[in-house]
Structures are given as C-alpha cells and as structure tokens.
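# Requesting a structural model of the entry that follows:
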Amino acid sequence: MDATTDKDPLVQEQIYNALCYLGESEPEEILNSCDEYLRQHDKLAYPHRVIILKAMETVVRNNISYLDKSTAKDVIREWQQAASNVLVAVGQRFINKVMEEVLTKFQPGILPHYFVMQTFANLSVSNGE
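Model prediction:
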C-alpha cells in the first residue's frame, strides 16, 4: 500500500485495482489490512488516503453480503472516521468548499449523523484562529 504515495496516476490506479481484486477473494482481510494501514499512517496525505478509502468502499459494496456483521460495523466506523479526516485535511486549504458540502448534510428536523457533527467540529478546531 506504500505505493499509493507514488505520484504516477497509473501506479495509483494499479494499487486501487489490486486492492479491489484481492478484496474479491478475501474481503475481510483486505478491509482489515487497509484499516490497519490507515491507522499506522495517520499523516498520510489525503490524495493517497482517498485511494485506499475508495478501494475499501468498492470492496464493501461488492462483498456486503459476505461480510461478518462485526467486520462490517467496524469497517463502516473506521471508513467514516477516515473520510471525516480527509475532509478536515482538505478543509485546511479549501474551507469554504468543504463547509458548503458538510452543511448540506444538515436537514431541518433530522438529527445529523455523528460523523457529520464530528467533521464539523474538527473543521472548526483545525481552522480556528
């Protein structure tokens, strides 16, 4: 997965495709490996983190009926946390665009999802002055 940091888009695409391919035969193993990699590399630049997150999303979507309930729950929580972290990282440079997107998740009369609130809070903390 270290190759996701390669600047060549073709290499990045090959890593994504390889993760998805391996995820077809061993979805839980790939999801757990991606999760562990993201935990160990919490400073990974967001474009490279996105490659891994997209692969995780594809593996989950393509194998949802085969996943163990506890794995699915853990992966969804970790995926949402990682996605929130990506938004916060992007928001350090493009705060207006990210805030615009996050605010669309606030709907009148509906309690926002936990990670929407967490993202909103972390955006304010990381951009507070």
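# Look up phi and psi at Q107.
Backbone geometry at Q107, expressed as degrees, to the nearest 10, gives phi -120, psi 140.
# what does the helix or strand hosting L31 rub up against?
Per DSSP states H and E: L31 is located in helix 27-40. Applying CB atoms under 8 Å, 6 or more residues apart in numbering, the external contacts of helix 27-40 come out as 1, 19, 22-23, 44, 49, 52-53, 55-56, 59-60, 62-63, 66-68, 71, 74-75, 78, 82. Where you see a C-beta, it was placed from the backbone N, CA and C, and this is true even at glycine.
# rerun that using 6 Å as the cut-off
With CB atoms under 6 Å, 6 or more residues apart in numbering as the test, helix 27-40 has contacts from M1, L22, G23, I52, M56, V59, N63, T71, V75, E78, A82.
# got CSV for those, with distance to P112 too?
As requested, the contacts of helix 27-40 are exported to CSV (distance: CB to CB, whole Å):
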residue, distance to P112
M1, 32
L22, 35
G23, 30
I52, 26
M56, 23
V59, 27
N63, 29
T71, 26
V75, 22
E78, 20
A82, 19
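# what's the lowest-mean-pLDDT helix or strand in the chain packed up against?
Lowest by mean pLDDT, DSSP states H and E among the helices and strands of the chain is helix 69-91, with a mean of 78. On a contact count with 3 or more CB pairs under 6 Å, 6 or more residues apart in numbering; DSSP states H and E, helix 69-91 meets helix 27-40, helix 46-63, helix 95-103, helix 114-127.
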